[in-house]
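Novice: need coordinates for the following:
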Amino acid sequence: MTEKEKCEQGLLYNANYDRELISERIIAKDLCQEYNNLKNSDSKGRTSLLKKILGKRGENMCIEPAFWCDYGYNIEIGENFYSNHNLVILDCAKVSFGDNVFIGPNCSFYTASHPIDVRQRNEGLESAHPITVGDNVWFGGNVVVLPGITIGNNSVIGAGSVVTKDIPDNVVAVGNPCKVIKTITENNQP
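Specialist: Below is the predicted model of the structure:
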């Protein structure tokens, strides 16, 4: 079994010395760097590069530079997606965003997990677990989402949160670790 196949199955794998994975990361990071260096006014160039970087994307989307990812092909973005500056998606596993997702500046989504066992960690082993974000989700600035997390539809993640557990539909959640503080109902809509 290749290191990439191990990764895809959520097993421990070595990304540090595997030529296939290293090559794929170099390609994605070169494309990200090219994207980040484009003029903001070059919307055609930005769209073209995002089509090369991302696995699946809606037609109506915007990612403000700087944007970085590991592979790109594991990222799926729905319609009406917006991310402010400094989005980082470490997409060793799939990262899926639904429709109408808005992300504040300096947000990060990490699918890679490293062993607690020091020997395994020092060997360069890691595992990867998918992140799933539903429709109509809003992330405040400086949010970090950890591996294996699902965030439900219509939820809001407050600025500075570190999401360590799944977040259900229709809630406001904040903090480190991120916790639900309010259910969103028709009665509390503005």
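Novice: the longest helix along the chain packs against which elements?
Specialist: Looking across the chain with DSSP state H, the single longest helix is helix 19-37. Using 3 or more CB pairs under 8 Å, 6 or more residues apart in numbering; DSSP states H and E as the contact criterion, the elements in contact with helix 19-37 are helix 3-8, helix 43-53, strand 67-69. Every residue, glycine included, has its C-beta placed from N, CA and C.
Novice: and that helix, average pLDDT?
Specialist: For helix 19-37, the mean pLDDT works out to 97.
Novice: that older thread, most tightly packed of the helices and strands packed on helix 19-37?
Specialist: strand 67-69 (a mean of 21; mean count of other CB atoms under 10 Å).
Novice: ok, that strand: who's next to it in the sheet?
Specialist: strand 87-90 (parallel) (DSSP bridges).
Novice: contacting residues around Cys15?
Specialist: Residue 15: Ala, not Cys. 3, 7, 21-22, 25, 92, 112, 124, 126 (CB atoms under 8 Å, 6 or more residues apart in numbering).
Novice: and the residues you listed as JSON lines, adding distance to Lys39?
Specialist: Putting those into JSON lines (distance: CB to CB, whole Å) gives the following:
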{"residue": "Glu3", "distance to Lys39": "38"}
{"residue": "Cys7", "distance to Lys39": "35"}
{"residue": "Leu21", "distance to Lys39": "32"}
{"residue": "Ile22", "distance to Lys39": "30"}
{"residue": "Arg25", "distance to Lys39": "26"}
{"residue": "Cys92", "distance to Lys39": "31"}
{"residue": "Ala112", "distance to Lys39": "32"}
{"residue": "Gly124", "distance to Lys39": "38"}
{"residue": "Glu126", "distance to Lys39": "36"}
